[in-house]
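# would you be able to build a 3D model of this:
(one chain, ligands or ions: 1)
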Amino acid sequence: MSLTRRDFLKGAGTGAALGGAVGVELGSAEAYVTELKTKGAKEVPSICYYCAVGCGIKASVADGKVVAIQGDPEHPINRGTLCSKAQAYIQVLQHPNRLTKALYRAPGAAEWQEKPLDWAMEQIAQRIKATRDATFVEKEGDVPVNRTEAIATLGSAIIANEEAYLLAKLGRGLGIVPMEHQARI
Ligand code: SF4
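Numbers count the residues shown, from 1 in each chain. Down below sits the predicted model:
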């Protein structure tokens, strides 16, 4: 049942006036109570992916879909609070333009094609290998440098400490020099 502000004030005013006059509780407000969208939903703890603060969130999930998000009051970092970015989180999750599949545009092509994620991963690995092999420099003069300046990495605030550690290890192992992070951009 939809309730306008005018309906609510009318109902509350009438209820208060009559209730006060005859001394009974009319319960008119109950008629306007709508069902919460979180009714029957399961609360799933998670971490906000927007920045390195790593606030705890509680996602209410019903029928496999996130229907509400709030700060986790038991999380030691944010203790139930969330900034405006996380408050808008659900809009990102449910946005019709959100990408959920890997898209590939071949060199010179105008159209994007949907590809399986495994295919995209394989392509990335092959191109990193080919680029590294073609550009690897072992020495600069007599000084061993063992690097490629043709590849860079860009970290994301969504990755955890351990993933950032592994990304740095991988980058250094490949001889990558420029390693940046999203939080500084
Ligand atoms: S809620 Fe805000 S401050 Fe906390 S991790 Fe998300 S973006 Fe960062």
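
# buried residues in the helix or strand harbouring residue 162?
For residue 162, the host element (DSSP states H and E) is helix 161-174. Neighbour counts over helix 161-174 (16 or more other CB atoms under 10 Å) mark 167, 171, 174 as buried. C-beta coordinates here come from the backbone N, C-alpha and C atoms, glycine included.

# nearest residue to the middle of the protein?
residue 49 (4.7 Å; CA atoms, centre = their mean).

# quick check: residue 110 is in a strand.
No. Read with DSSP: H, G, I helix; E, B strand; the rest coil, residue 110 is coil and lies in no strand.

# burial check on it, number of neighbours?
Neighbourhood size, residue 110 [other CB atoms under 10 Å]: 6.

# model confidence for residue 102, exactly?
Listed pLDDT for residue 102 reads 95.

# check contacts around it.
114-117, 119-120 (CB atoms under 8 Å, 6 or more residues apart in numbering).

# next step: these restricted to strands.
114-115 (DSSP state E).

# buried subset of the contacts of residue 102?
Here, 16+ other CB under 10 Å leaves nothing buried among the contacts of residue 102.

# next one: stretch 134-151 to chain centre, how far?
Relative to the chain's own centre, stretch 134-151 is displaced by 37 Å; criterion: CA atoms, centre = their mean, to the nearest Å.
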